[in-house]
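Asks: just to be clear, the model below is a prediction. Sequence and coordinates:
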Amino acid sequence: MTDTASTARTFPMSRSLFVMTLLYGGMTVIAGVLAFKQFAIGPLKVESGILAFLLLVVISSVVSQQHGKAMADRLVLWGFLPLAFSIGLIWLVLGLPASPDMPTENLTAFNTVHAQTPRIMAAGPVAYGVSLLLNVWLFDRLRGKGKGGGIWLMTRGAIASAISQAVDTLIFITLAFYGEFPIGDLLVGQAIAKIVLSFVLVPFLIAGAVALAKRMDGVEGSHAPQETAS
């Protein structure tokens, strides 16, 4: 029996899809935690959760490129599972009595980071689902009938990411904060920052990740035509 045949029996999915799925689940969980720190690059000020969210965009785009839109859509939908479990576990831990030996400042910091309002908790998954599914749809539509590789791979990745990130910002900020304070400046600032990062970072991350995925799977071409699997 060849090594390839043995691997096919013991590893029912490609290495790249397995690795991308693991990374995707982790990013859905950590994005909300990272969002509590803002960073600045020149005039751009943005919450750090965008870094994890941009990786979600990259991973879903790579899966679409290599394994087809249907697989990427399923990845996005299954991403709700670790997201839901993490939210449920956070609520459970918040409800447990704190140890009397835990320093007060540590407990306060923990509660500040994790005790988000239900409105914000609800806005996150809605924005996630709409924007990531939109990203996959746009990335696939821009592909055309060819492989969509090279410079066009990077270009359509940037376009899809920029549009989906703008939509994500609009949905999340509106659902989470509308009526509590003026959100105009926040919307514009966040959208501009995310669009800029989409064009600066995403194209190169997608190109590198696609090359890595091909190397892991030991193939030269795209698996995208094989998207009929359920």
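Replies: Alright, I've got the coordinates.

Asks: which residues sit against the strand or helix carrying Asp73?
Replies: With elements taken from DSSP states H and E, the one containing Asp73 is helix 69-78. Among residues not part of helix 69-78, those counted as contacts by C-beta atoms under 8 Å, 6 or more residues apart in numbering are 17, 20-21, 24, 59-61, 63-64, 129, 132-133, 136-137, 139-140, 224, 227-229. Using the backbone N, CA and C atoms, a C-beta is placed for each residue, glycine as well.

Asks: show me the contacts for Ala122.
Replies: Contacts for Ala122 were tallied using C-beta under 8 Å, 6+ apart; they are Leu175.

Asks: what about the longest helix in this protein?
Replies: Longest helix in the chain by number of residues, with DSSP state H as the criterion: helix 150-177.

Asks: isn't Leu83 up against Met27?
Replies: No: Leu83 is beyond contact range of Met27, at 10.1 Å (criterion: C-beta atoms under 8 Å).

Asks: wouldn't Ile50 be in contact with Val196 here?
Replies: No: taking C-beta under 8 Å as the definition, Ile50 is not a contact partner of Val196, at 10.6 Å.

Asks: who has more neighbours, those two?
Replies: Ile50 (23 against 17; other C-beta atoms under 10 Å).

Asks: ok, which stretches of the protein are helices?
Replies: Using DSSP H, helices in the chain cover 3-10, 15-34, 49-67, 69-78, 80-95, 104-114, 118-143, 150-177, 184-200, 202-217.

Asks: could you check the angle helix 118-143 makes with the second one?
Replies: Looking back up the chat, that one is helix 15-34. Here the directions of helix 15-34 and helix 118-143 differ by 140 degrees (axes from the mean of the first three to the mean of the last three C-alpha atoms, to 10 degrees).

Asks: what's the spacing between the most centrally placed residue in the chain and Phe181?
Replies: For the chain, the residue lying nearest the average C-alpha position, counting by C-alpha atoms, centre = their mean, turns out to be Leu56 (2.1 Å). When C-beta to C-beta, to the nearest Å is the yardstick, Leu56 and Phe181 sit 28 Å from each other.

Asks: do Ser131 as well
Replies: Looking at Ser131 against Phe181, where the rule is C-beta to C-beta, the gap reads 23 Å.

Asks: more crowded one of those two?
Replies: Per other C-beta under 10 Å, whichever of Ser131 and Phe181 has more neighbours is Ser131, with 25 against 8.
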